[in-house]
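K.L.:
model this:
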Amino acid sequence: MITTNTVLGLAAGVALGFAGAFGGFGAFLVVLVLGGLGLLVGRWADGRLDLTELTEQLRGAGSDRDRIRR
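P.N.:
Just a heads-up that it's a prediction; the model follows:
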């Protein structure tokens, strides 16, 4: 098994989710969210996640409306 920061981040998020909640649908959601956050942190540490591009997309900086105005 190849261990990268992405895999370690995902495992850490899942472990924190299990440690933080036990049982039910609420626990499932907590594990899902923390696992996703761990995955994002691991991908960022591996250099596979560009946060500036992500924030630009969330702000709509690359939308067609901006291109037409220029």
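
K.L.:
Now residue 47, what are its backbone angles?
P.N.:
Backbone torsions for residue 47, taken as degrees, to the nearest 10, come to phi 80, psi 20.

K.L.:
what's the burial count for it?
P.N.:
For residue 47, the neighbour count with other CB atoms under 10 Å is 8. In this view, the C-beta of every residue, glycine as well, is placed from N, C-alpha and C.

K.L.:
And residue 6, by the same measure?
P.N.:
If you count neighbours by other CB under 10 Å, residue 6 ends up with 20.

K.L.:
now residue 38
P.N.:
Residue 38: 22 surrounding residues under other CB under 10 Å.

K.L.:
What is the least confident helix or strand in this protein?
P.N.:
Lowest mean confidence among the helices and strands of the chain (mean pLDDT, DSSP states H and E): helix 64-69, at a mean of 54.

K.L.:
could you say what helices and strands the longest helix seen in the chain packs with?
P.N.:
Counting residues, the longest helix found in the chain (DSSP state H) is helix 24-46. Applying 3 or more CB pairs under 8 Å, 6 or more residues apart in numbering; DSSP states H and E, one finds that helix 24-46 makes contact with helix 5-20.

K.L.:
distance of the closest residue to residue 8 other than its chain neighbours from residue 13?
P.N.:
Spatially, and ignoring its direct neighbours in sequence, residue 8 is nearest to residue 42 (5.9 Å; CB to CB, 6 or more residues apart in numbering). Using CB to CB, to the nearest Å, we find residue 42 at a distance of 8 Å from residue 13.

K.L.:
what does residue 30 give?
P.N.:
Distance, residue 30 to residue 13, by CB to CB: 10 Å.

K.L.:
more neighbours, those two?
P.N.:
More neighbours surround residue 13 than the other of residue 30 and residue 13, with 22 against 17 (other CB under 10 Å).

K.L.:
Hmm, the more buried one is touching residue 34, no?
P.N.:
Yes. Using CB atoms under 8 Å, residue 13 makes contact with residue 34 at a distance of 4.4 Å.

K.L.:
Any idea how many residues pack against residue 50?
P.N.:
11.
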